[in-house]
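J.: Have a look; sequence and predicted model below, questions after that.
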Amino acid sequence: MPTQHYFPSLSFSHEILCFIYIHPSIHFQGSNYKPPTMVMANPSLLLQSIFILFIIFLLPCLSWSCPEYQKQALLHFKSSILAINSSFHNLDSWNSSSSNCCLWDKVTCGSPSNSNSASTSSVVIELHLFNLFAQLMPSNLLAPLFFIRSLRMLDISQNSINGQIPALGFSNLSNLVHLDLSRNEFNGSIPPQLFHPRVGSLQGLRMLNLSSNLLSGELLEEIGNLTKLQQLSLGSNKFSNAIPSSILYLGELEEIDLSNNTLSMEIPTHIGNLSTLSSLSLGNNKLTGGIPTSMQKLNKLNSLDLEGNMLTGEIPFWLFDFKELKELYLGGNSLTWNNKMKVVPKCSLLVLSLRSCGLHGEIPEWISTQTNLSVLDLSKNQLHGPFPQWLAEINLMFFLLLSHNKLSGSLPPTLFQSLDLLVLALSHNNFSGELPKNIGDAKSLFILMLDGNNFSGPIPQSISQISNLRILDLSCNRLSGNIFPVFDPQGNLWYANFSSNQFSGEVPTTFPLNIRTLALEGNKFSGALPSNLTKLRNLRRLELQDNNISSELPNSLLQISYLEVLNLRNNSLKGSIPKTLSNLQNLRILDLSSNNLTGEIPIEFVNNLTGMMEAPPNRTSQTSRFVVAISFPSKFFITEFEVNELIVNWKKSKQGLSSHNIDMYFLLDLSNNQLSSEIPTSLGALKALKMLNLSYNKLSGKIPASLSDLQNVEGLDLSYNKLSGPIPTTFTKLQQLTTLDVSNNKLTGRIPIGGQMNTMAYSNFYANNSGLCGFQIRVPCPGDRPPAQKLQDHDNKEESWILLEAMGIGYLLSFLLTIGIIFLAGYFNPSPPSNSRRRHRHHPHQLIRQRI
């Protein structure tokens, strides 16, 4: 068998998405090969040959013609597309003037499956309709194709077909052997009719590809009825719940791809009974439990992908006994590695991913036996010790990922002698010393991530010779010097991060003209902003904060018209804000805080910042994330690199905006300068802003009511100025507001009531405004009577009436009680007489009363 060599090819998307396709080259071996020679042909022999060719090829074409109903079905399909997109031209050969549709593009004809070999009839057996259109099309568009029941192969992948899979239509194509619906937008569940064991279903399928759609629901048990399946691809959908046990009935399966779904529960215990499996891909789901021991029986396994799940337990060492195994993906689980076990691999791996698998100690030496490794990912473990010399000498390594470990020492120069190395990620370790001077010898390097270490000394000049370099991150080290490498102006570097080092001198500008992100913050750069910085006109993100830059803001900055993020915080900039800065219409984050800027906030500066006026829907930046993929026979190995967080003053504290959500933020920070005059009313037009900080300036006048138009603002800081007058009552419209600081001004009047303003009750954010009042700071406004006090007065009046009534009743009862007691004591009744004479004697006063 000839030795196979692999050559990468690169391509990019707006996210710097790189696909690297690995393919074997063709070699001619042996000494018997001779170049062709010229020979004169015999005329009669030539005529005979032409006649034979006519009989074999042309005559069948004249007699074989597709049935008329199939031709009409295909024309109907085309007309359905044209009804939606009149400019569609991919099927121009399909026309009614051509009698034989077997001659059309993307159509293959053959004998009917139920006819004998001598038959001269022809029917459509294959349709290669992949990548026809990008416009969204409904799934009922496919209806005409379901009349062509002779189809054995149907490929409609890489289109934009949406809607549910037509159940009755596809089940009508009972002769299908190959069905590819991948990379569309089909949704809903897989129709169970496709799997029913009856005449008219897809029982003859050998290849079913539904990957990269929007399908959801459970995987049906009926899938086990497709007993002839050899390839099943359902990856990159939204399937959930368990892997159906009926999948074990598919005894002829060679490839299974269920990756990138939300499948849960355990891997079927007896999955090892699928003895013909060569590729098993279950990665990026929510599978639990351990790796089933029955997998030991999968001795034909070439690729095993279990990464990105929630698997537990020890990694079984019998995985390395599969002689055919080339790709092993176990990273991103909760699996553990037994460092005491000795591994003697019987396989020769191309890919080994043990990311976050609990490896500790030095890099395992048994990996040195895998001399054909193209991808090695041991990141996010507890590895320590030096970089092994044997690892630096593996020739065919494309991806080497060792980030987030505790590796130490210097890097061996032999590491950069490789002409195959594409990605080297050693971030967040303890490497030290100077970078090797021959670093530029790694001519194929595409991504170089050395951030978060202890490297020191200057950047080697040879690094500028890596012409393919796209991503370079040397941040968070102890690198120094005032001379930067001079990169080729036509180079390919898109992202360069030199932040948090000890560089000095003038701000460097010797970078390729196409660079998108340049991060130089946290160094000791000084002097003026160089005028030739504007030659980097494709910059999207420029970070120069936390340096010693002391010039005025140059008008020439407007020439970098694509800028989205400009951060000059904490320098010594002086002068006024140039009006021309408003020409940076794509700006969404502008931070000029903590400088010495003076003058007013120019109205023109605000009016043209259209990038802050409205947040576009589904916005994707070109500066936030980088994805690199390398293609192997069974799958893409994809790795994602995030750019460093952008540190901003957010809601009274410094916070990092992650690359995952940085595109969601729109921010204007002019705080801690010496800006004066009034706040421009035009600031209210920046409706996309989530944070506006004008604190620690000398701004005066009233707070413009137009700020209440900032419908997305979450943080508004106007503190430490000279603002006067009331807080606008329209601030109650700010429904997203969570932080409002107006402290240390000269504000007066009532704090608005209603909406989010009722939650702005932190008194320190209103402090040192002697004229403010309101319930938020527990200071009553003049002439106001709190509702609680009125209720108390009303209650007191009621209590007074009740008290008077009770007193009156009490006096009456006391009087009656006294009379009763006197009566019982005999004070009103005469004493009993001793004789009858005494009974008739009267007191003189009693006689007088009786007369009266």
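T.: Received it, and whenever you're ready, just let me know what you need. Numbering: from 1, shown residues only.

J.: got the contact list for Phe431?
T.: Phe431 makes contacts with Phe387, Leu407, Ser408, Gly409, Ser410, Leu411, Leu450, Asn453, Asn454, Phe455, as judged by C-beta atoms under 8 Å, 6 or more residues apart in numbering. No exception for glycine: its C-beta is placed from N, CA and C like everyone else's.

J.: any chance of the residues you listed in a markdown table, with secondary structure, neighbour count and pLDDT too?
T.: What follows is the contacts of Phe431, written out as a markdown table (DSSP: H, G, I helix; E, B strand; the rest coil; neighbours: other C-beta atoms under 10 Å; pLDDT from 0 to 100):
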| residue | secondary structure | neighbour count | pLDDT |
| --- | --- | --- | --- |
| Phe387 | coil | 18 | 97 |
| Leu407 | strand | 23 | 98 |
| Ser408 | strand | 16 | 97 |
| Gly409 | strand | 13 | 97 |
| Ser410 | coil | 14 | 97 |
| Leu411 | coil | 23 | 97 |
| Leu450 | coil | 24 | 97 |
| Asn453 | coil | 24 | 98 |
| Asn454 | strand | 14 | 98 |
| Phe455 | strand | 22 | 98 |
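
J.: Can you tell me which of the residues you listed comes closest to Ile247?
T.: Proximity to Ile247 was ranked across the contacts of Phe431 by C-beta to C-beta; first place goes to Leu407, at 41.4 Å.

J.: I'd guessed that closest one sits against Gln382; true?
T.: No: using C-beta atoms under 8 Å as the test, Leu407 is too far from Gln382 to be in contact (10.4 Å).

J.: hmm, back to that, looking at the contacts of Phe431, which one is closest to Ser139?
T.: The nearest member of the contacts of Phe431 to Ser139, counting by C-beta to C-beta, is Leu450 at 49.2 Å.

J.: Look up how far Leu373 lies from that closest one.
T.: To Leu373, Leu450 is 21 Å away according to C-beta to C-beta, to the nearest Å.

J.: what stretches of the protein score poorly on pLDDT?
T.: Across the chain, the stretches falling below the confidence threshold (pLDDT under 70) are 1-64, 114-120, 198-200, 616-663, 785-852.

J.: which residues of it fall in helices?
T.: In the chain, the segments counted as helices under DSSP state H are 43-53, 59-63, 68-84, 167-171, 389-392, 603-607, 787-825, 836-839, 844-851.

J.: Contact partners for Asn85?
T.: When contacts are counted by C-beta under 8 Å, 6+ apart, Asn85 is found next to Phe133, Gln135.

J.: how about 6 Å then?
T.: Applying C-beta atoms under 6 Å, 6 or more residues apart in numbering, we find Asn85 in contact with Gln135.

J.: before we move on, what about Leu544?
T.: Shown here is Leu544, whose contacts under the criterion C-beta under 6 Å, 6+ apart are Leu520, Leu568.

J.: quick one: it and Gly575, what's the gap?
T.: 16 Å.

J.: Same question for Val713.
T.: Distance of Val713 to Gly575, given as C-beta to C-beta: 28 Å.

J.: Those two: who's more crowded?
T.: A side-by-side neighbour count of Val713 and Gly575, using other C-beta atoms under 10 Å, places Val713 first with 24 against 14.

J.: How about the more buried one: what's its closest non-neighbour residue?
T.: Distance criterion C-beta to C-beta, 6 or more residues apart in numbering; nearest residue to Val713, sequence neighbours excluded, is Leu689 at 5.4 Å.

J.: Regarding that neighbour, what are the backbone dihedral angles?
T.: Backbone dihedrals for Leu689, given as degrees, to the nearest 10, come out at phi -60, psi 140.

J.: ok, how many other residues are close to it?
T.: Using other C-beta under 10 Å, Leu689 is surrounded by 26 other residues.

J.: quick one, what contacts it?
T.: Leu689 sits next to Met612, Phe666, Leu668, Leu710, Val713 when contact means C-beta under 6 Å, 6+ apart.

J.: The same query, at a cut-off of 8 Å, please.
T.: The contact partners of Leu689, taken as C-beta under 8 Å, 6+ apart, are Met612, Phe666, Leu667, Leu668, Leu710, Asn712, Val713.

J.: Turn these into a markdown table, including distance to Val507.
T.: Listed next are the contacts of Leu689 as a markdown table, based on distance: C-beta to C-beta, whole Å:
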| residue | distance to Val507 |
| --- | --- |
| Met612 | 25 |
| Phe666 | 26 |
| Leu667 | 23 |
| Leu668 | 23 |
| Leu710 | 33 |
| Asn712 | 33 |
| Val713 | 32 |
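
J.: mind putting the contacts of Phe431 in a markdown table, distance to Ser500 included?
T.: Written out in a markdown table, the entries for those read as follows (distance: C-beta to C-beta, whole Å):
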| residue | distance to Ser500 |
| --- | --- |
| Phe387 | 23 |
| Leu407 | 20 |
| Ser408 | 20 |
| Gly409 | 22 |
| Ser410 | 21 |
| Leu411 | 20 |
| Leu450 | 13 |
| Asn453 | 12 |
| Asn454 | 12 |
| Phe455 | 12 |
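
J.: Can you point out the buried residues in stretch 160-173?
T.: Ile161, Asn162, Gly163, Ile165, Pro166, Gly169, Phe170, Ser171, Asn172, Leu173 (16 or more other C-beta atoms under 10 Å).

J.: Please report how far the residue nearest to Leu173 when sequence neighbours are not counted lies from Leu181.
T.: The spatially closest residue to Leu173, leaving aside those adjacent along the chain, is Leu151, at 5.3 Å (C-beta to C-beta, 6+ apart). Relative to Leu181, Leu151 is positioned 13 Å away (C-beta to C-beta).

J.: from memory Asp155 sits against Phe130, does it?
T.: Yes: taking contacts as C-beta under 8 Å, Asp155 lies within contact range of Phe130: 5.0 Å.

J.: Noted, bye for now.
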